[in-house]
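1. Compute the structure for the input listed below.
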Amino acid sequence: MDPRHALAEGVVAISDEVDADLLFEAYSFGIFPWPHNEYDPVLWFCPSRRGILDFSKFHVARSLEKFKRKNTWRITFDTAFDEVMVQCSLAKRPDQTGTWITPRMKSAYSQFHHLGYAHSVECWDGNQLVGGLYGVYVAGVFSAESMFYSEANASKLCVLALVEKLRGAGLTWLDIQMLTPHMKSMGGVEINRKAYLERLDQAKRFAAPISFGSEK
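-> Numbers count the residues shown, from 1 in each chain. Below is the predicted model of the structure:
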């Protein structure tokens, strides 16, 4: 896989299957899978425009800060990875029918989680999971894959917790792949492929393990 040879649409490779070995190789080069459905071949992407969240530009609205201080929700890491993936696959997205989080993707990322590369952040109201996100930490970069919420602000609190965790480990930015309005409101921007790959190369030189633990 060589992201510099991506097609105009950002496609780098095509495979019939997806597993932990392929995921590790892909993320090491800034590539991620994005299948259309469960039955077609898996497309692997490194888009020409990449969404990132540079922590120097990270913005938390005052209303969210106020909400965070007052609510009693609990944030955890890596305690309900599979359930977070399920809820992300069920979340309704604007202008999107179906989900790319297919059964084979769930299986591959669950395996990746058990190997210590894929991680989740959960937001709980008592024993009820009300929000979460999951992503991959490989080559010194955390790549956020998807998020969901059933209560307003729950997924945003997960982003806050993740940024705090990554900052504490010495990271300075987060790969968000595609720039959504949700992430743009928190300071996300787009950069070109060359700039992204330069950031990735820099991150690889300083890559170190991160202890995600279970409680924030």
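
2. rest of the way, CA atoms for contacts and neighbours
-> OK.

3. Could I get the average pLDDT for stretch 3-19?
-> Averaged over stretch 3-19, pLDDT sits at 90.

4. element containing S143?
-> Secondary structure from DSSP states H and E places S143 in strand 141-149.

5. Is G131 within a helix or a strand, and which one?
-> Secondary structure (DSSP H and E) places G131 in strand 128-138.

6. Spell out for me which residue occupies the centre of this protein.
-> A144 (1.1 Å; CA atoms, centre = their mean).

7. Could you report the pLDDT at it?
-> On the pLDDT scale, A144 is placed at 98.

8. residue boundaries of the strands in the chain?
-> 11-15, 32-33, 42-45, 49-54, 74-77, 118-125, 128-138, 141-149, 173-177, 189-192 (DSSP state E).

9. Same list (those) but as TSV, adding distance to F112.
-> Below are these laid out as TSV (distance: least, CA to CA, whole Å):
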stretch	distance to F112
strand 11-15	18
strand 32-33	13
strand 42-45	17
strand 49-54	22
strand 74-77	15
strand 118-125	5
strand 128-138	8
strand 141-149	13
strand 173-177	18
strand 189-192	27
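
10. ok, back up a step: mind checking how far the strand holding G131 is from the chain centre?
-> How far strand 128-138 lies from its chain's middle: 8 Å, per CA atoms, centre = their mean, to the nearest Å.

11. Alpha carbons only: can I get stretch 27-41 in CSV?
-> Taking C-alpha atoms only, stretch 27-41 is exported to CSV below (Å, rounded to 0.1, in the frame of the first residue of the first chain):
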residue,chain,number,x,y,z
TYR,A,27,-2.9,2.7,9.3
SER,A,28,0.9,2.7,9.4
PHE,A,29,0.7,4.4,6.1
GLY,A,30,-2.2,6.7,6.7
ILE,A,31,-4.8,4.4,4.9
PHE,A,32,-8.2,3.3,6.2
PRO,A,33,-10.9,0.9,4.9
TRP,A,34,-14.3,2.2,3.7
PRO,A,35,-16.4,-0.5,2.3
HIS,A,36,-19.7,0.3,0.6
ASN,A,37,-21.5,-2.8,1.9
GLU,A,38,-20.8,-6.3,3.3
TYR,A,39,-20.6,-8.0,-0.1
ASP,A,40,-18.4,-5.8,-2.4
PRO,A,41,-14.6,-5.7,-2.1
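
12. Number of residues surrounding S107?
-> By other CA atoms under 10 Å, the residues close to S107 number 16.

13. Tell me the buried residues in the top helix by length along the chain?
-> Assignment by DSSP state H gives helix 154-168 as the longest helix of the chain. By 16 or more other CA atoms under 10 Å, the buried positions in helix 154-168 come out as 154-163, 165-166.
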